[in-house]
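Student: Got a sequence here, can you model it:
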Amino acid sequence: MNQQPTPASNESAFNRMVPWLLCGLLISSFLWRTLTAAHEYPGQSAQILEMVVDAACLIGLIGVRAKLPAWLFSVALIAGIGLFAIRLHSDASWWTGHWMYSLPQR
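Tutor: Purely as a prediction, here's the structure:
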């Protein structure tokens, strides 16, 4: 008759979603920067901020790898490394973070 409550998990729904959100952010950012052309150069502070955010997401992904399926972690890790590899493609890619750069016709 005396039922004791089961211990609740001290991991909130938000904490369970963070690894999935990091994967989604890295993969979608990689696809966006690979498949769309940039049309203007950002300022140097915006360029550095983008690289810092990408690095922080990559470090965070490595930190939560135990909570993810191995295949998803691998895809997100490749996408995160690919974000930095894109910047080595050309001078325009270094500044924009996109694989392609073009100026629209006026």
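
Student: remind me, longest helix of the protein?
Tutor: If you go by DSSP state H, the chain has its longest helix at helix 13-35.

Student: what does it contact?
Tutor: For helix 13-35, the surrounding residues in contact (C-beta atoms under 8 Å, 6 or more residues apart in numbering) are 54, 57-58, 60-61, 64-65, 67-68, 72-73, 75-76, 79-80, 82-83, 86, 97-99. C-beta coordinates here come from the backbone N, C-alpha and C atoms, glycine included.

Student: Show me just the buried residues among those.
Tutor: Taking 16 or more other C-beta atoms under 10 Å as the criterion, what is buried in the contacts of helix 13-35 is 54, 57-58, 60-61, 68, 72-73, 75-76, 79-80, 82-83, 86, 97-99.

Student: Which stretches in the chain count as helices?
Tutor: Taking DSSP H as the criterion, the chain carries its helices at 13-35, 44-63, 70-86, 91-96.

Student: for the last one, the distance to its chain's centre please.
Tutor: When you say that, I think you mean helix 91-96. Centroid separation between helix 91-96 and its chain, computed with C-alpha atoms, centre = their mean, to the nearest Å, is 18 Å.

Student: Ok, the first one next?
Tutor: On the basis of C-alpha atoms, centre = their mean, the separation between the geometric centre of helix 13-35 and that of its chain is 5 Å.

Student: Now that helix: buried residues?
Tutor: For helix 13-35, a neighbour-count test (16+ other C-beta under 10 Å) marks 19, 22-23, 25-27, 29-30, 33 as buried.

Student: For the longest helix of the chain, output the C-alpha coordinates as CSV.
Tutor: Listed next in CSV are the C-alpha coordinates belonging to helix 13-35 (Å, rounded to 0.1, in the frame of the first residue of the first chain):
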residue,chain,number,x,y,z
ALA,A,13,14.0,18.0,-21.4
PHE,A,14,16.2,21.0,-22.5
ASN,A,15,19.3,19.2,-21.5
ARG,A,16,18.3,16.2,-23.5
MET,A,17,17.7,18.4,-26.6
VAL,A,18,21.0,20.3,-26.5
PRO,A,19,23.0,17.5,-28.2
TRP,A,20,20.4,17.2,-31.0
LEU,A,21,20.3,21.0,-31.4
LEU,A,22,24.1,21.2,-31.7
CYS,A,23,24.0,18.5,-34.4
GLY,A,24,21.2,20.3,-36.2
LEU,A,25,23.0,23.6,-36.1
LEU,A,26,26.3,22.3,-37.4
ILE,A,27,24.8,20.2,-40.2
SER,A,28,22.4,22.9,-41.4
SER,A,29,25.0,25.6,-41.2
PHE,A,30,27.4,23.4,-43.2
LEU,A,31,24.7,22.7,-45.9
TRP,A,32,23.8,26.4,-46.0
ARG,A,33,27.3,27.5,-46.5
THR,A,34,28.0,24.8,-49.1
LEU,A,35,24.9,25.2,-51.2
